[in-house]
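Student: following is a predicted model, sequence given first.
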There are 2 protein chains.
Amino acid sequence: MGALSNIKVLDLTRVLAGPYATMLLADLGAEIIKIEQPGKGDDARAYGPYKNGESAYFMSLNRNKQSLTLNLKTPEGKEILKELVKQVDVLVENFRPGTMERLGLGYDVLKEINPRLIYAASTGFGQTGPYSQRPAYDAVVQAMGGIMSITGQEGGMPTRVGTSIGDITAGLFSAIGILAALHERETSGLGQLVDVAMLDCQVAILENAISRYEFTGEVPTPIGNRHPSIVPFETFETKTSPIMVAAGNDRLWSTLCELLGLDIACEPCFATNPMRYENYESLKPILAEKFMNKTAEEWQDIFVEAGVPSGPINTVDKVVTNEQVVARDMIVEVDHPVAGETRIPGIPIKLSRTPGEIQQPAPVLSADTERLLEKYLGYTAEQIAELREKHVI
Amino acid sequence: MGALSNIKVLDLTRVLAGPYATMLLADLGAEIIKIEQPGKGDDARAYGPYKNGESAYFMSLNRNKQSLTLNLKTPEGKEILKELVKQVDVLVENFRPGTMERLGLGYDVLKEINPRLIYAASTGFGQTGPYSQRPAYDAVVQAMGGIMSITGQEGGMPTRVGTSIGDITAGLFSAIGILAALHERETSGLGQLVDVAMLDCQVAILENAISRYEFTGEVPTPIGNRHPSIVPFETFETKTSPIMVAAGNDRLWSTLCELLGLDIACEPCFATNPMRYENYESLKPILAEKFMNKTAEEWQDIFVEAGVPSGPINTVDKVVTNEQVVARDMIVEVDHPVAGETRIPGIPIKLSRTPGEIQQPAPVLSADTERLLEKYLGYTAEQIAELREKHVI
């Protein structure tokens, strides 16, 4: 039994931020009823590549969920949703602000039906503020939120993070908000609105970039793979592929010099981190030359033995077969009824007594509609057939 | 009262992943007792830049916390910690696996003292697996976890994300694990171990990169600021600064052409996304030329009016003054007793009924030691003076 196995979630989300949040809850045992548009489903079902017509993109975000198709524009669809709202703990949606209100299904309406409901809305810019109604995609939010301006090679272009970090962090913050609201409900007996905006989350992950700017007035820029203040702490080319080395203190610096066969550790111009930082331009080529003497694998073995923090720059094929990643169950094989066997990421939250579990791959569209309508609303096969005829489900 | 105001957290973490996790809990109302090494404190206190000797880096991660200095190598220090463990809900640490056991303060010992304790350990590689004992820094984990291999300009070098996304995501996943364990405790009455590894979290945020590789066998590479499959969805230079434009569907494509003064929307080679993707090389210069006709600000106004998702690539100085960021309270001014007034990021989780709050800036070292020892252990001023003399606190 997962930690959240007594929690039921009505999931009206599509594509990324919302589905990522509900996947986090699902992995820890919550029951997820994913509401999808009849015939079409989550937009992400249309994103390639495909295997037997099933989307890789969709599959990576929707394991452990049930699919119930429901047309929220029909009176019957609205009624079914309201009936489900009575029986769940959480509703998650990521429409543009106002959409649920126009459907007659806004938080103000739903909380009357179920005062214990936690209603989580995930949007680009939030429920409030002058940009509230603007459309957003991950790329737009990465641009506006500052992370692109500090990512990239030194002197180079601002660079988008290669994964949709705008969506993913919004999903993570949403899950935290939902769980905090669930905790509070134990005392008050009441639900509340959880409003998470992608742009806000980008600000919240800028880390010390904001404080550095506040303290110095200097606007942070891309600095490539170097650390902003520690040397050496960056990528080096080797005989084969580049390797990341992080000599975070003087002891590690001294060890590194020894391993590289350099006797410069105690030279006044390199002995302390401030001196190494100041003399970076003369130090870098000395180190770089030595790194070219061995392969990345040889250096890696040497550094691991000596306890110098380091690692290869793994491509995705190397990540999914990495021995630590595999040992930690971070790559899991699932057998999808249509797409067949495929590997997906595992669960990074390891709970000792109630571990998460990947119980099933992403559902095919509408896979659970009949079962759920019967279970939650007691509908008969006849009633369900009628709804299907009316294109409600 | 915050959503977590009845939760007490003993925080033994330093630098980033751990302090980020406990900051998330603190922002939502949890009481955080930050245990620091006497005289020195959290390593991050030594990271510049400084204002009146106080670290910007530390300040960005430790608001809403109390500082209690405690030498865990002394018998008295261990006793005080054990006494506190009896009275808290959560303990968070980010030492290398085995460190707490060597101090005689491992989870096995502490759960005997308080079976309801949730013990969260945040590490580079996790409590298990062949790399468990290796040292890690954010840069190493970003390299090994795959995100660098898909971040960067097209054909360019793998690039480190400019913020410590390895640490920050570990902090986010840890907070989710802690809250899920708290929820489960309502039923079972028991705590558990929450084991979160930075490397695991990197795998979990690779998003569809893993599924894409699984389905196609093609190893993902950096693709700059372009979307992997949608066109146009990227950065364009303007008369002034670059702008991000995301025309996610054919309707937006058509609108964009109109706004740019181009009559190519319906041309067979550009009419659909697959065709635009195929003819990207001929399309890009046509668009790029038009974008040079106006400033970024002019284009931004035009696109907002027309509902085309777009945004400037904001640098940090622009982010902290952005009207939406400000309207959402995502930049908050705090008055630090030593450093004075400074701005820090706000709280991105907006709860309607029990909102989070930034009640105080990061504590100066040991600011709360006496008060907390009196409150939790009933120590007298005399006893406290004695502990100070023995360098226990």
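Tutor: Received, thanks.

Student: for residue A:292, see how far away the residue most central in space within chain A is.
Tutor: For chain A, residue A:168 is the residue whose C-alpha lies nearest the centre (CA atoms, centre = their mean; 3.1 Å). Separation of residue A:168 from residue A:292 (CB to CB, to the nearest Å): 37 Å. For every residue, glycine as well, the C-beta is placed using N, CA and C.

Student: please apply the same query to residue A:313.
Tutor: For residue A:313, the distance to residue A:292 equals 16 Å [CB to CB].

Student: same drill for those two, tell me which one is more crowded.
Tutor: Set residue A:313 next to residue A:292 and count neighbours by other CB atoms under 10 Å in any protein chain shown: residue A:313 wins out with 24 against 10.

Student: over to the more buried one: give its phi and psi.
Tutor: The phi/psi pair for residue A:313 (degrees, to the nearest 10) reads phi -90, psi 90.

Student: ok, now which ones touch it?
Tutor: Contacts for residue A:313 (CB atoms under 8 Å, 6 or more residues apart in numbering or on different chains) come out as A:235, A:241, A:242, A:243, A:244, B:143, B:144, B:148, B:149, B:158.

Student: identify the bridge partners of the closest residue to the third one other than its chain neighbours.
Tutor: By the measure of CB to CB, 6 or more residues apart in numbering or on different chains, the closest residue to residue A:242 outside its immediate chain neighbours is residue A:235, 4.8 Å from it. With beta bridges defined as DSSP bridges, residue A:235 has these partners: residue A:244.

Student: quick one on the thing from earlier: by neighbour count, which of the contacts of residue A:313 wins?
Tutor: Neighbours here mean other CB under 10 Å. Within those, the largest count is held by residue B:144, at 31 neighbours.

Student: my read is that residue A:280 contacts residue A:231, right?
Tutor: Yes - counting by CB atoms under 8 Å, residue A:280 does reach residue A:231; the two are 5.5 Å apart.

Student: the strands in the stretch 151-300 of chain A, which residues?
Tutor: Assigned by DSSP state E, counting those that start in this stretch, the strands in the stretch 151-300 of chain A fall at A:193-197, A:233-236, A:243-246.

Student: sheet partners, orientation included, of the first one?
Tutor: Counting by DSSP bridges, the strands paired with strand A:193-197 are strand A:118-123 (parallel), strand B:350-351 (antiparallel).

Student: distance between the first one and the chain's centre?
Tutor: For strand A:118-123, the gap between its own C-alpha mean and the chain's C-alpha mean amounts to 16 Å (CA atoms, centre = their mean, to the nearest Å).

Student: does whichever helix or strand comes after it reach chain B?
Tutor: From strand A:118-123 onward toward the C-terminus, using DSSP states H and E, the following helix or strand is helix A:138-144. Yes - Helix A:138-144 reaches chain B (CB under 8 Å from any CB of the partner chain) through A:139, A:140, A:141, A:142, A:143, A:144.

Student: list the residues that contact residue A:239.
Tutor: Neighbours of residue A:239 in contact, by CB under 8 Å, 6+ apart: A:292, A:293, A:294, A:295, A:296, A:298.

Student: ugh, wrong one, residue A:383
Tutor: residue A:373.

Student: list the buried residues in whichever strand or helix holds it.
Tutor: Following DSSP H and E, the helix or strand that holds residue A:383 is helix A:381-389. Neighbour-count burial for helix A:381-389 flags A:384, A:387 (criterion: 16 or more other CB atoms under 10 Å in any protein chain shown).

Student: and stretch A:244-251, how far from the chain's centre?
Tutor: 29 Å.

Student: which strands or helices does the helix or strand containing residue A:343 pack on?
Tutor: Here residue A:343, judged by DSSP H and E, is contained in strand A:340-345. In terms of contacts (3 or more CB pairs under 8 Å, 6 or more residues apart in numbering or on different chains; DSSP states H and E), strand A:340-345 is packed against helix A:56-59, strand A:331-336, helix B:208-216.

Student: how does it look with 6 Å?
Tutor: Using 3 or more CB pairs under 6 Å, 6 or more residues apart in numbering or on different chains; DSSP states H and E, the elements in contact with strand A:340-345 are strand A:331-336, helix B:208-216.

Student: which residues touch the longest one?
Tutor: Right, helix B:208-216. With contacts defined as CB atoms under 6 Å, 6 or more residues apart in numbering or on different chains, helix B:208-216 is touched by A:49, A:51, A:56, A:57, A:59, A:60, A:316, A:342, A:343, A:345, B:150, B:220.

Student: nearest to residue A:248 among those?
Tutor: The closest of the contacts of helix B:208-216 to residue A:248 turns out to be residue B:150 (CB to CB; 25.5 Å).

Student: can you give me the neighbour number for the closest residue to that closest one other than its chain neighbours?
Tutor: Leaving aside its chain neighbours, residue B:150 sits nearest to residue A:162 (3.3 Å; criterion: CB to CB, 6+ apart). Neighbour count of residue A:162, defined by other CB under 10 Å: 26.

Student: per-residue confidence for residue A:162?
Tutor: The score at residue A:162 is 95. That number is its pLDDT.

Student: cool, residue A:337 as well?
Tutor: Looking at residue A:337, its pLDDT is 93.

Student: that one and residue A:365, how far apart?
Tutor: Noted for residue A:337: a distance of 12 Å to residue A:365, by CB to CB.

Student: between the two, which is the more surrounded one?
Tutor: Counted by other CB under 10 Å, residue A:337 and residue A:365 do not tie: residue A:365 has more neighbours, with 19 against 12.

Student: burial count for the nearest residue to that one once chain neighbours are set aside?
Tutor: Closest residue to residue A:365 apart from its sequence neighbours, by CB to CB, 6+ apart: residue A:41 at 4.3 Å. The local packing of residue A:41 (other CB under 10 Å) involves 22 other residues.

Student: residue A:41 in helix, strand or coil?
Tutor: Counting by DSSP: H, G, I helix; E, B strand; the rest coil, the backbone at residue A:41 sits in coil.

Student: could you do residue A:101 as well?
Tutor: Taking three-state DSSP as the rule, one finds residue A:101 in the helix state.

Student: residues in contact with the spatially closest residue to residue A:152 that is not a sequence neighbour?
Tutor: What sits nearest to residue A:152 in space, not counting adjacent residues and going by CB to CB, 6+ apart, is residue A:222, at 3.3 Å. Contact analysis of residue A:222 by CB under 6 Å, 6+ apart lists A:151, A:152, A:156.

Student: give me whichever of the strands paired with strand A:193-197 is most buried.
Tutor: strand A:118-123 (a mean of 27; mean count of other CB atoms under 10 Å in any protein chain shown).

Student: which residues does that strand contact?
Tutor: With CB under 6 Å, 6+ apart, strand A:118-123 has contacts from A:17-18, A:90-94, A:97, A:107, A:170, A:174, A:178, A:181, A:191, A:193-197.

Student: ok, residue A:388 to residue A:79 distance?
Tutor: Using CB to CB, one gets 16 Å for the distance from residue A:388 to residue A:79.

Student: do residue A:377 as well
Tutor: From residue A:377 across to residue A:79, the span is 9 Å (CB to CB).

Student: so for the closest residue to residue A:261 other than its chain neighbours, what pLDDT did the model give?
Tutor: Counting by CB to CB, 6+ apart, residue A:261 lies nearest to residue A:290, which is 6.6 Å off, once chain neighbours are set aside. pLDDT recorded at residue A:290 is 97.

Student: go on, residue A:2?
Tutor: For residue A:2, the predicted pLDDT is 96.

Student: which element is the residue nearest to it when sequence neighbours are not counted on?
Tutor: Closest residue to residue A:2 in three dimensions, ignoring its sequence neighbours and counting by CB to CB, 6+ apart: residue A:29, at 1.8 Å. Under the criterion DSSP H and E, no helix or strand holds residue A:29.

Student: ok, residue A:29 - contacts?
Tutor: So residue A:29 contacts A:2, A:3, A:4, A:5 (CB under 6 Å, 6+ apart).

Student: tally of neighbours for the last one?
Tutor: Read that as residue A:5. Neighbourhood size, residue A:5 [other CB under 10 Å]: 15.

Student: can you pull the contacts of it?
Tutor: Residue A:5 makes contacts with residue A:29, as judged by CB under 6 Å, 6+ apart.
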